[in-house]
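Visitor: Pasting the sequence and the predicted model now:
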Amino acid sequence: MKVLLSIFLLVMLSHYAKCQNSADSLIKVLKFEILNKKTYENRRNARILVLKDELAKVLPANYPDQYILCNKLYDEYQDFVFDSAHVYTSRLLEISNLMHDLTKQYDSKIKLGRIQLTWGMFKETFETLQQIRVSALPDSLKLGYYELKSRAYTEEAMYNTDEFYSPINRAASIKTIDSAIYFSKPDSYEKYRHVAELLTIQGKRAQGAVYYRKLLDRKTLNYHERAMVANDLSNLEAGQERVKLITLAAIYDIRAATKETLAVFTLGKILFKQGDIKDAEYLLTEALSEARFYGNKIHITETVAILTTVSAQKLINSENEKNRVLTFLIILLGIAILSTLIIAWNVYVRLKEVKVREQVVREQNQNLDKINKKLLEDSHIKEEYIGYFFDVISGYILKLEKIKRNLERKVKTKSFEDLLKLANEINIKQERHNLFYTFDNIFLKLFPNFISTFNALLNPEDQIRPKDNEVLNTNLRIFALMRLGIKDNQKIANILENTISTIYTYKTRIKSKAIVNGDDFDNKIMEIKFVETNEDVD
């Protein structure tokens, strides 16, 4: 029994060492390919230049050829440069409309949905899908339609942690994957991949892995397809096998000149968790470069966040190493010098450490003080606005109750003309004016120096003053919302009932007249002081 146990342990250790060496070798290959990535990018750029040259020669009225070439350019840019992919998607939509070709219009919308989903625009993706009448699609497009829909449900479920909605998304994803499998050709790449996805979602991970491995064994797959299969399979594995697969995915992505990828990013995170700070930082820096090249702001933000953590850990490790070296030197000096000098040296070192610690404590106390002030400010702002909105909502409930009683009375008496009069008595414009008026007053109560400080950032002739009947105007209100932490143009547009482009135009116009540059202008706005007060707002 002991002999068998020894043999088993020996085999397991041998297998682990083999996997470790295999993963390490692949990481070396990956680093080489990263250094060589310009070669693959140049090949793709060369193909793009040829296509653009051909497109430039096509006559303006030759819509079919324009569509074919724009479609090829979309394929080249789809995982390469987001902005360019979006441009050619728009051109495909425009050309298909000019051709009055419903099939091409739907194909273009499916491509638009893919681009929107890449940026995490779930709402827009589903809106685009709703514009497509599935029954009008040929089978070749139904596959792409259901692939997009399934991917949208799956990715939304990953971001949606709500216990109610996630199962709904999962069920919808299973249903659409079933449809994608139905419209996939027998024994095709798409068929195997979607079957593997379905099995994985159903919790049959081992069976799903079998299909992924069958795909990897095929010689007909291109680099991009291999990258996606290796990436998906890595999510079903653990340990060094997962590292090996995600490294393969990263290598294939580079060879395919694919910029919209998470393989290098994921590998960097894994190596960081394993304590390989050097390789993790190198790969995450590369992932950040790829995300910036493609133009995916979501991936840029995620990568910068973990790179910051890696840099902090690197600094900690460096300091620990310095401390170890310093300790070793102190020991050597302690052996070489007299006991009295050892005591003196120890006293000196300890005093120095105490000073450093005192400085660290002072800095931490200063940081805590800043954080406490910020928390106090946020707390007061929330108290003011929560109280205000409770008052407003209570008022609206009373109004609704009154309207409900009047409606019931009018309906019972069949006074239908009075119903119209009752509707006309509801002045939406005045309600909105009251809403903004109260918001403005609360804001100036919290930030009484806002207007003067804001205007100090502008030349005298460009300074903005509210009219006599205004508390804040639209220009000031946009930046007031920014000071409260609402910086997203879409959210500001929704609050002020304007379009995103209008909000963007307002902000750009103001910043162009500022005496500081755009970024400094935003920072100055955020630095406008909050003033604590207990006065009530009228």
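Guide: Done, it's in. Numbers count the residues shown, from 1 in each chain.
Visitor: Residue 92 reaches residue 108, doesn't it?
Guide: Yes - using C-beta atoms under 8 Å, residue 92 is in contact with residue 108, at 4.0 Å. For every residue, glycine as well, the C-beta is placed using N, CA and C.
Visitor: count of neighbours near the residue nearest to residue 287 when sequence neighbours are not counted?
Guide: Using C-beta to C-beta, 6 or more residues apart in numbering and skipping residues adjacent in sequence, the residue nearest residue 287 is residue 265, 3.9 Å away. As a burial measure, residue 265 scores 22 neighbours (other C-beta atoms under 10 Å).
Visitor: tell me the contacts of the most centrally placed residue in the chain?
Guide: Against the mean C-alpha coordinate of the chain, by C-alpha atoms, centre = their mean, the closest residue is residue 298 at 2.5 Å. Residues counted as contacts of residue 298 (C-beta atoms under 8 Å, 6 or more residues apart in numbering) are 119, 120.
Visitor: show me where the stretch 301-450 of the chain has helices.
Guide: Secondary structure of the stretch 301-450 of the chain (DSSP state H, counting those that start in this stretch): helices at 339-412, 416-424, 428-446, 450-455.
Visitor: Roughly how far does the nearest residue to residue 310 once chain neighbours are set aside sit from residue 304?
Guide: Excluding its sequence neighbours, the residue lying closest to residue 310 (C-beta to C-beta, 6+ apart) is residue 281, at 5.1 Å. Residue 281 sits 13 Å away from residue 304, going by C-beta to C-beta, to the nearest Å.
Visitor: Kindly list the single helix or strand of this protein that scores lowest on mean pLDDT.
Guide: When each helix and strand of the chain is scored by mean pLDDT, DSSP states H and E, helix 2-35 comes last, with a mean of 63.
Visitor: Check the residue lying farthest from the centre of the chain and give its pLDDT.
Guide: Ranked by distance from the centre of the chain (C-alpha atoms, centre = their mean), the top residue is residue 338, with 61.8 Å. pLDDT for residue 338: 77.
Visitor: Could you pull up the contacting residues of it?
Guide: Applying C-beta under 8 Å, 6+ apart, no residues contact residue 338.
Visitor: backbone phi and psi for it, please?
Guide: Main-chain dihedrals, residue 338, degrees, to the nearest 10: phi -70, psi 160.
Visitor: same deal with residue 458?
Guide: phi -120, psi 160.
Visitor: Return, as residue ranges, the portions of the stretch 151-300 of the chain with sub-threshold pLDDT.
Guide: Counting by pLDDT under 70, the ranges of the stretch 151-300 of the chain that qualify are 159-166.
Visitor: What are the boundaries of the helices in it?
Guide: Secondary structure of the stretch 151-300 of the chain by DSSP H, counting those that start in this stretch: the helices cover 165-183, 189-201, 205-216, 223-234, 239-255, 263-273, 277-294, 297-336.
Visitor: want to try a markdown table for the ones you listed, with distance to residue 357 as columns?
Guide: A markdown table is the format used below for the helices of the stretch 151-300 of the chain (distance: least, C-beta to C-beta, whole Å):
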| stretch | distance to residue 357 |
| --- | --- |
| helix 165-183 | 47 |
| helix 189-201 | 51 |
| helix 205-216 | 50 |
| helix 223-234 | 44 |
| helix 239-255 | 39 |
| helix 263-273 | 29 |
| helix 277-294 | 25 |
| helix 297-336 | 13 |
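Visitor: right, so of those, which gets closest to residue 26?
Guide: Nearest to residue 26 among the helices of the stretch 151-300 of the chain is helix 239-255 (4.2 Å), distances taken as C-beta to C-beta.
Visitor: chain center to the closest one, what's the gap?
Guide: 23 Å (C-alpha atoms, centre = their mean, to the nearest Å).
Visitor: for that helix, packing partners?
Guide: Where contact means 3 or more C-beta pairs under 8 Å, 6 or more residues apart in numbering; DSSP states H and E, helix 239-255 is packed against helix 2-35, helix 37-57, helix 223-234, helix 263-273.
Visitor: between the third one and helix 205-216, what angle do the directions make?
Guide: Here the directions of helix 223-234 and helix 205-216 differ by 160 degrees (axes from the mean of the first three to the mean of the last three C-alpha atoms, to 10 degrees).
Visitor: Centre of the chain to helix 223-234, how far?
Guide: 22 Å.
Visitor: Extract the C-alpha trace of that helix and format it as CSV.
Guide: Only the C-alpha atoms of helix 223-234 are listed here, as CSV (Å, rounded to 0.1, in the frame of the first residue of the first chain):
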residue,chain,number,x,y,z
TYR,A,223,-6.2,32.2,-35.1
HIS,A,224,-9.3,34.3,-34.0
GLU,A,225,-11.5,31.2,-33.6
ARG,A,226,-8.8,29.3,-31.7
ALA,A,227,-8.3,32.3,-29.4
MET,A,228,-12.1,32.3,-28.5
VAL,A,229,-12.2,28.5,-28.0
ALA,A,230,-9.1,28.5,-25.8
ASN,A,231,-10.4,31.4,-23.8
ASP,A,232,-13.8,29.8,-23.2
LEU,A,233,-12.2,26.4,-22.3
SER,A,234,-9.9,28.2,-19.8
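Visitor: Burial check on residue 94, number of neighbours?
Guide: 15.
Visitor: Helix, strand or coil: sort out residue 84 for me.
Guide: helix (DSSP: H, G, I helix; E, B strand; the rest coil).
Visitor: isn't it right next to residue 77, touching?
Guide: Yes - taking contacts as C-beta under 8 Å, residue 84 lies within contact range of residue 77: 4.2 Å.
Visitor: more neighbours, the two?
Guide: Of the pair residue 84 and residue 77, residue 77 is the one with more neighbours under other C-beta under 10 Å, namely 22 against 17.
Visitor: got the contact list for residue 44?
Guide: Residue 44 neighbours (C-beta under 8 Å, 6+ apart): 76, 80, 257.
Visitor: which stretches of the stretch 1-150 of the chain aren't confidently modelled?
Guide: For the stretch 1-150 of the chain, the ranges with pLDDT under 70 are 1-21.
Visitor: if I look at residue 436, how far off is residue 480?
Guide: Distance, residue 436 to residue 480, by C-beta to C-beta: 10 Å.
Visitor: and for these two, which residues touch both?
Guide: residue 472.
Visitor: which one of these two has more residues nearby?
Guide: With neighbours defined as other C-beta under 10 Å, residue 436 and residue 480 compare such that residue 480 has more, 22 against 19.
Visitor: circling back: residue 38 is nearest to which of the helices of the stretch 151-300 of the chain?
Guide: Closest approach to residue 38 among the helices of the stretch 151-300 of the chain is made by helix 239-255 (10.4 Å; C-beta to C-beta).
Visitor: Which residues belonging to the closest one are considered buried?
Guide: Of the residues in helix 239-255, 240, 242-255 count as buried by neighbour count, 16 or more other C-beta atoms under 10 Å.
Visitor: Repeat that for stretch 429-445.
Guide: 436, 437, 438, 439, 440, 442, 443, 444.
Visitor: One more: stretch 26-34?
Guide: 26, 27, 30, 33, 34.
Visitor: Out of those residues, which is nearest to residue 498?
Guide: Within those, the smallest distance to residue 498 is 44.9 Å, found for residue 34 (C-beta to C-beta).
Visitor: residues in contact with the nearest residue to that closest one once chain neighbours are set aside?
Guide: Distances taken as C-beta to C-beta, 6+ apart put residue 286 closest to residue 34, at 5.6 Å, once the chain neighbours are dropped. Counting by C-beta under 8 Å, 6+ apart, residue 286 touches 34, 264, 268.
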